[in-house]
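A.B. asks: quick check, what structure comes out for this input:
(one chain, ligands or ions: 1)
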Amino acid sequence: MQFKGNTDQSSARYWDDLAELYQKETRISTNDFHYGPLLPGDSILQLLPNIGKNSAGIFQCLEVGAGAGQNSIFLAKQGAQCIATDISEEQLAHGRKLAKKEKAEVDFRRVSMDAMGDLGKFDLIHSTYALPFSADPQKVIADAAAMLKPGGTLLLTTGHPLYAGEWLDIGDGEEGLFLPDYFQPDPDVRMSLDDKTMSAAQYRPVSTIAEWIHSAGLVIERLLEPAPMPIPEMSEGEILENVPYDSPGWRELYPQLARIPVVVIFKCSLAK
Ligand SMILES: C[S@@+](CC[C@H](N)C(=O)[O-])C[C@H]1O[C@@H](n2cnc3c(N)ncnc32)[C@H](O)[C@@H]1O
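C.D. replies: Model (predicted):
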């Protein structure tokens, strides 16, 4: 099957097919805000704005490519009013069930990040590892910027371009990263479990994303390339408490994750 690029239809089918396995195999905490596999959560990174009531009333949040919306559930439990959007009804169904179990109120909506339109005005727009699946990531950032309230924050976590590299055996039991082209990385094409649909993550140079943020009228307040938590030195209890996103598959990749960043995080606000 030839890959022609993600469309809303192919993404929805791919993620609907994967949702059950993804939510079963990955432990995603709702007691912290996560930034990706094996990474410290916000209780350590401290990037979230203050989620108290703002001067105009309730603190309003929008999540883009939310999956089951664990981050929105966490924010709702802190008192924020949350909308969680995703293209996959199956991912959203997991989210609705989880929110009910956690007694958290989150408005789960099927919305493509590539056609968000105007969903309102928000104090915080956040997205964790969804942007690489967009057909037009520059527009996603511009649309998000247009929905920020003055003083609002865009907290964007996306795939790091180094992650597009391939680990090769370089002899003597050593592995090295081979990245054929940092500026034009090949898309990471994946087949759905039922072998019927393809989806691809497209990584971009950090400077490209920074330019998109700049042209959307935003300024970058913080840029992080976080290293994973020191999993091999931690007890299972410590991992459970301090690592909000974990799975057996990602643990196997720890030796690689410890050497290159898996995500880049941009904390942005509207330029004055
Ligand atoms: C790697 S998962 C991350 C989910 C969630 N943010 C998390 O951290 O668990 C990527 C998510 O992006 C969603 N997605 C893919 N294409 C999308 C699109 N065009 N619009 C909205 N969501 C999309 C998928 O359905 C999936 O839930």
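A.B. asks: so where do the strands sit in the stretch 151-272 of the chain?
C.D. replies: In the stretch 151-272 of the chain, the segments counted as strands under DSSP state E, counting those that start in this stretch are 166-169, 175-178, 188-191, 198-201, 218-224, 245-246, 263-270.
A.B. asks: select from those the stretch with the lowest mean pLDDT.
C.D. replies: Per-stretch mean pLDDT for these is lowest at strand 188-191 (a mean of 88).
A.B. asks: by contact count, what packs against that strand?
C.D. replies: Contact partners of strand 188-191 among helices and strands, from 3 or more CB pairs under 8 Å, 6 or more residues apart in numbering; DSSP states H and E: strand 198-201. Where you see a C-beta, it was placed from the backbone N, CA and C, and this is true even at glycine.
A.B. asks: just send the strands of the stretch 151-272 of the chain back as CSV, with mean neighbour count and distance to residue 101 too.
C.D. replies: Formatted as CSV, the strands of the stretch 151-272 of the chain follow (neighbours: other CB atoms under 10 Å; distance: least, CB to CB, whole Å):
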stretch, mean neighbour count, distance to residue 101
strand 166-169, 11, 38
strand 175-178, 12, 40
strand 188-191, 14, 29
strand 198-201, 20, 28
strand 218-224, 15, 31
strand 245-246, 22, 19
strand 263-270, 21, 27
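A.B. asks: show me the contacts for residue 219.
C.D. replies: The contact partners of residue 219, by CB atoms under 8 Å, 6 or more residues apart in numbering, come to 213, 268, 269, 270, 271.
A.B. asks: not counting sequence-adjacent ones, nearest residue to residue 270?
C.D. replies: residue 148 (5.7 Å; CB to CB, 6 or more residues apart in numbering).
A.B. asks: ok, now which ones touch the residue of the stretch 151-272 of the chain at minimum distance from the ligand?
C.D. replies: Using CB to the nearest ligand atom, the single residue of the stretch 151-272 of the chain nearest to the ligand is residue 245, 6.8 Å away. Each residue near residue 245 by CB under 8 Å, 6+ apart is listed here: 26, 27, 28, 29, 34, 35, 36, 37, 38, 39, 41.
A.B. asks: do residue 158 as well
C.D. replies: Going by CB under 8 Å, 6+ apart, residue 158 touches 127, 129, 130, 131, 132, 137, 204, 209, 263, 264, 266.
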